[in-house]
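*Asks:* Any chance you could fold what I've pasted below:
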Amino acid sequence: MSNCFILGCTLIFLLVSFVQSEHIYCNYYEYECADGRCIPYTWHCDGFRDCADCSDEANCNGAVNANIKTDFQSGLGGWTQERGDDFDWTLAYGSTPSSNTGPTNGRSGYSDYYVYIETTYTAYGQSARLRSPLLPQSNNLTVAFYYHMYGNTIGTLNVYRKSNVGDELVWSRYGNQGNTWRNAVVQLSHTGYGDNYIVFEGISGSSYTGDIAIDDIYIVDCTTQSFNCPNGMCISNNSQCDGFNDCGDWSDEQGCGKCLYCTYTRNVLIE
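*Replies:* As a prediction, this is how the structure comes out:
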């Protein structure tokens, strides 16, 4: 065994020991994120992602909080294919199989996943419905999402607010909207009574050039304690200027001062 190998192993051991000894433990009034970051304990299970890994919102009892993002990178993300419709939404990346319809990639690039309705083998007017996780009642719910409706025989994309009193149509588009991803923001004054869901319904057109896609769905409960992102998403004011891309477009980090290299300890910015 060479002296270089022994020296290398010793250096690695010392480095690991140093990193372990540098672990910062949170105070009793703080919550420790899974990545070691400390946040005020009152931010735990408050409906906002304050830990970069979202560990502060894991294992919280009750309905899913109304501050969620679904980008379909890990499947449907808690969304459910509804029973009783005619066919299902399809998870995909890259182009849809049919020519002259559908996106060529997800909103963020070729490897970005999205969901769409494949209309090659469907009849005119058939529908596919995708339902959100259970949401709490709210007076200030915002639904923001991206949609792609390109093709000569595009049908209809509907968004419903679903509760125990039925489905309420809150947004709709029909026909060819061009070969591009478009952003939509829907403000809801109340999410109904009892169980609450958001439902996306894609309705097929008359031919195979009717593929409709959706991506990057935000469902957020906007309050006076929220920072309103330009894309319609709301985040906790605590998440503004914290060095993390909480809005998804870095708008929550604009105007926060120049920071060429930053590290974070107990929410304190060190340049």
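
*Asks:* Report the mean per-residue pLDDT for stretch 82-101.
*Replies:* Taken as a whole, stretch 82-101 carries a mean pLDDT of 94.

*Asks:* Give me the secondary structure label for the residue nearest the centre of the chain.
*Replies:* Residue closest to the average C-alpha location in the chain (Cα atoms, centre = their mean): Lys69, at 1.9 Å. Taking DSSP: H, G, I helix; E, B strand; the rest coil as the rule, one finds Lys69 in the strand state.

*Asks:* In three-state terms, label the nearest residue to it once chain neighbours are set aside for me.
*Replies:* Nearest-residue entry for Lys69: Tyr218, 5.3 Å, with adjacent residues in sequence omitted and distances by Cβ to Cβ, 6 or more residues apart in numbering. Quick note: C-beta positions are derived from backbone N, CA and C, even for glycine. Look at Tyr218: counting by three-state DSSP, its state is strand.

*Asks:* Now do the same contact list for the residue nearest to the centre of the chain.
*Replies:* Listed by Cβ atoms under 8 Å, 6 or more residues apart in numbering, the contact partners of Lys69 are Asp216, Ile217, Tyr218, Met233, Gly248.

*Asks:* out of those, which is most surrounded?
*Replies:* Neighbour counts for those, by other Cβ atoms under 10 Å, peak at Met233, which reaches 26 neighbours.

*Asks:* so where is the stretch 51-200 of the chain shaky, pLDDT-wise?
*Replies:* Along the stretch 51-200 of the chain, the model assigns pLDDT under 70 to residues 53, 57-67, 138-140, 189-195.

*Asks:* Please enumerate the strands of it.
*Replies:* With strands called from DSSP state E, counting those that start in this stretch, the stretch 51-200 of the chain shows them at 68-70, 80-81, 90-92, 114-117, 127-131, 141-149, 156-163, 166-174, 182-188, 196-203.

*Asks:* hang on, isn't Thr122 packed against Ser204?
*Replies:* Yes: Thr122 is within contact range of Ser204, at 4.2 Å (criterion: Cβ atoms under 8 Å).

*Asks:* Beta-bridge partners for the residue nearest to Lys69, please?
*Replies:* Here Tyr218 sits in beta bridges with Lys69, Ala144, as judged by DSSP bridges.

*Asks:* Pretty sure it sits against Ser132.
*Replies:* No: contact between Tyr218 and Ser132 fails when scored by Cβ under 8 Å: they sit 11.2 Å apart.
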